[in-house]
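In: With the sequence up front, the predicted model follows.
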Amino acid sequence: MTAPADGRDDFDFLLGTWQVRNRRLQHPLDPDDDTWEEFDGDAVVRPVLHGLGNIDTISSPTGPGGRPFEGLTLRLFDPSDRSWRIWWTSTRQFGHLDPPMSGAFTGGHGIFFGEDRVDGIPIRVRFDWHALDSDAARWAQAFSFDDGQTWTTNWIMDFTRAPGPAR
């Protein structure tokens, strides 16, 4: 049985096990600081809810600030409006689930928007997902402090498919 061509398979490119190269601004709220930190991680992405969603975990022994890091993403597809919603949590903020991002894919490029607060400052957030090929993908996060007039990219993850079977 084939799934409807309504967008529910947009994130199927991401299923499996990945090596992830992270590049992240150390102080994304400081417009004068362009100090980037880099660290590697591993990610595992698996489908849930009969393909209407997926969950990933990403971990790094030397994540942001050189400290161990683990994050979890829940992505759910809503067939009624053909959109995805994305929730994120990590060991950087115990017990906190970020507000959802919403969006969709067009031609292998997904754009998702949401509202959040960082250190008490309201921000608009954008995620860009690119399925580069079957063994590579890229995610980038950008913040806007002027209601989407300008964007500053502050985190980039380059995914390379890990060799061997999925964990």
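Out: Nice, thanks for sending it over.
In: Tell me the spacing between Asn22 and Leu72.
Out: Distance of Asn22 to Leu72, given as Cβ to Cβ, to the nearest Å: 16 Å. Where you see a C-beta, it was placed from the backbone N, CA and C, and this is true even at glycine.
In: between these two, which one's more packed in?
Out: Neighbours were tallied for Asn22 and for Leu72 using other Cβ atoms under 10 Å; the higher tally belongs to Asn22 (20 against 15).
In: in the protein, which ranges drop under the pLDDT threshold?
Out: Confidence mapping of the chain against pLDDT under 70 gives the ranges 1-4, 165-167.
In: how about the strands in it?
Out: 16-25, 36-48, 53-60, 69-78, 83-90, 101-106, 109-118, 121-133, 136-144, 152-161 (DSSP state E).
In: Specify the stretch among the ones you listed that is closest to Asp6.
Out: Distance to Asp6, taken as Cβ to Cβ, is lowest for strand 69-78 among the strands of the chain, at 8.2 Å.
In: Format the strands of the chain as CSV; extra columns: distance to Arg8.
Out: Shown next, in CSV, are the strands of the chain (distance: least, Cβ to Cβ, whole Å):
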stretch, distance to Arg8
strand 16-25, 18
strand 36-48, 10
strand 53-60, 9
strand 69-78, 5
strand 83-90, 9
strand 101-106, 11
strand 109-118, 13
strand 121-133, 15
strand 136-144, 18
strand 152-161, 21
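In: any idea how far the residue lying closest to Ala142 once chain neighbours are set aside is from Arg8?
Out: Counting by Cβ to Cβ, 6 or more residues apart in numbering, Ala142 lies nearest to Trp151, which is 4.1 Å off, once chain neighbours are set aside. Taking Cβ to Cβ as the measure, Trp151 falls 28 Å from Arg8.
In: ok, now which ones touch Trp18?
Out: Counting by Cβ atoms under 8 Å, 6 or more residues apart in numbering, Trp18 touches Asp42, Ala43, Val44, Val45, Ala137, Phe159, Thr160, Arg161, Ala162.
In: how about a cut-off of 7 Å?
Out: Trp18 makes contact with Asp42, Ala43, Phe159, Thr160, Arg161, Ala162, according to Cβ atoms under 7 Å, 6 or more residues apart in numbering.
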